[in-house]
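*Asks:* sequence? don't have it. structure:
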Ligand SMILES: Cc1ncc(COP(=O)(O)O)c(C=O)c1O
């Protein structure tokens, strides 16, 4: 084998030494057998880069183009200035955990103990990773519903488990109960739910939770409920949280994200609520992945939650106005869509425009030729249906951004 000809699947790198040969250590060739051979640069990074290169409006990655509340941002500065700059407690700042517990009681009717059931993490992604590492053992199966968020599978693989991909049923992206029942077996360790659902914007209802409880009753398996868009539910619908379901909560990790809720995705601060025994296992992992979240951010979030409880109750209307604006503006386009029931994503069918392009090609074409970046949804699948002609736009954008993007999209 030579440096220029490594075997498939094996990375090769040479560490360069100093120019003087006498001082140069023996060349070290590092042979790496990747633990995640299928993982490359994510589509979110690629599309955001392409948007930046081409000057396109970036409706691809899920983040707002506006800032979080001023009082929240000011509070961070205040806490940094007043010396809140050392490690936070491993489980999270007590004041913030208390706020999460109070919110869980007020919104979902569940009295949780802030000390033993709430853990603050550096982002929901880290909470998801820790929950999976805490539970999944080599040989275990984890059921995920495609299209699904991209962090689940690598986390499961690193734990030695295997994802069993079931497909949500398009066009409404509902659960396929027959497939789920068939997939359950003695190796099933975990089921990952995501509601409101990225990328489809669909919701799981209370009746779904009841049906799920019935289906898994008596089985030795757990739930991971990714509810980072818990407050982004529209048209007067209610978010059916696993936190509101006694039987399911008893075996669940429920994850949320302050980044999504307070328009500060770059803060990467989230939390997980789980019964004490599950929280204890998650914390064993969390304390060696990061140990704790960022201290001044936690102080600021605790202050803001205490002072502005109205923020979360105003979120549905705030995002519904954006969804309605974007959808109303697109009515005259050739895209076909049903307004999202939740999240800040809108799927659109482009069959009437370029049926010859697959969705990755379509997203690139939209970005390069029409100046609007989107995300192809096939990347959220293990094996996407070949006739899929859907791309995802993020409408967490200022009115002028949405207007200009829609103007360009309507011109196609
Ligand atoms: C479904 C889903 N889960 C988790 C996350 C990650 O949240 P965080 O930024 O807090 O890690 C995202 C972010 O896009 C998401 O869409």
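*Replies:* Now that the structure is in, tell me what you want to look at. Nothing here was measured: the structure is a model prediction, and the numbers come from that model. Numbers count the residues shown, from 1 in each chain.

*Asks:* Report pLDDT for residue 25.
*Replies:* pLDDT recorded at residue 25 is 54.

*Asks:* before we move on, what about residue 12?
*Replies:* Here, the pLDDT recorded for residue 12 equals 35.

*Asks:* do residue 44 as well
*Replies:* At residue 44, the pLDDT value in this model is 87.

*Asks:* so what's it closest to, chain neighbours aside?
*Replies:* residue 61 (4.6 Å; Cβ to Cβ, 6 or more residues apart in numbering). The way it works is simple: take the backbone N, C-alpha and C, and place the C-beta from them, glycine included.

*Asks:* show me the contacts for the spatially closest residue to residue 351 that is not a sequence neighbour.
*Replies:* The shortest distance from residue 351 to any non-neighbouring residue, by Cβ to Cβ, 6+ apart, is to residue 389 (4.4 Å). By Cβ atoms under 8 Å, 6 or more residues apart in numbering, the residues touching residue 389 are 349, 350, 351, 355, 359, 362.

*Asks:* And residue 127, by the same measure?
*Replies:* By Cβ under 8 Å, 6+ apart, the residues touching residue 127 are 119, 121, 253, 255, 270, 271, 272, 282, 286.

*Asks:* next helix or strand past the lengthiest helix in the chain?
*Replies:* Under DSSP state H, the helix in the chain containing the largest number of residues is helix 310-330. Next along the chain after helix 310-330, taking DSSP states H and E as the criterion, comes strand 345-349.

*Asks:* report the angle between the axes of that following strand and helix 310-330?
*Replies:* 20 degrees (axes from the mean of the first three to the mean of the last three Cα atoms, to 10 degrees).

*Asks:* May I see the buried residues of the next helix or strand after strand 345-349?
*Replies:* Per DSSP H and E, the first helix or strand lying C-terminal to strand 345-349 is helix 359-370. Using 16 or more other Cβ atoms under 10 Å as the test for burial, helix 359-370 gives 359, 360, 362, 363, 364, 365, 366, 367, 370.

*Asks:* Also stretch 33-48?
*Replies:* For stretch 33-48, by 16+ other Cβ under 10 Å, it's 43, 46, 47, 48.

*Asks:* now the residue nearest to residue 44: how far from residue 51?
*Replies:* 8 Å (Cβ to Cβ, to the nearest Å).

*Asks:* who's more crowded, those two?
*Replies:* Taking neighbours as other Cβ atoms under 10 Å, residue 61 and residue 51 compare with residue 51 leading, 21 against 17.

*Asks:* Is the ligand within reach of the helix or strand hosting the more buried one?
*Replies:* Element membership for residue 51 (DSSP H and E) is helix 43-54. No: using Cβ under 6 Å from any ligand atom, helix 43-54 stays clear of the ligand, with a minimum separation of 8.0 Å.

*Asks:* Outside of that helix itself, list whatever touches it.
*Replies:* 56-58, 60-62, 150, 360, 363-364, 367-368, 371, 373-376, 379.

*Asks:* Determine if any part of stretch 383-397 is in contact with the ligand.
*Replies:* No: figure legend: stretch 383-397 not in contact with the ligand (Cβ under 6 Å from any ligand atom); closest approach 9.5 Å.

*Asks:* neighbouring contacts of the longest helix of the chain?
*Replies:* Outside helix 310-330, the residues that touch it by Cβ under 8 Å, 6+ apart are 69, 103, 107, 231-235, 261-262, 304-305, 337, 339-340, 344, 346, 348, 393, 395-397, 399, 402-403, 405-407, 409-410.

*Asks:* Write the ChimeraX selection for whichever of those are buried.
*Replies:* The buried subset of the contacts of helix 310-330, as determined by 16+ other Cβ under 10 Å, is captured in ChimeraX by this line:
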select :103,107,231,232,233,234,261,262,304,305,337,339,340,344,346,348,393,395,396,397,402,405,406,409
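
*Asks:* From the contacts of helix 310-330, which land in helices?
*Replies:* Within those, residues falling in helices by DSSP H are 103, 107, 261, 304-305, 399, 402-403, 405-407, 409-410.

*Asks:* Put together CSV for those, with distance to the ligand on each row.
*Replies:* Formatted as CSV, those follow (distance: Cβ to the nearest ligand atom, whole Å):
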residue, distance to the ligand
103, 16
107, 18
261, 9
304, 16
305, 16
399, 22
402, 19
403, 24
405, 19
406, 23
407, 27
409, 22
410, 27
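
*Asks:* Out of those residues, flag the one nearest to residue 155.
*Replies:* Closest approach to residue 155 among the ones in helices among the contacts of helix 310-330 (Cβ to Cβ): residue 261, at 22.3 Å.
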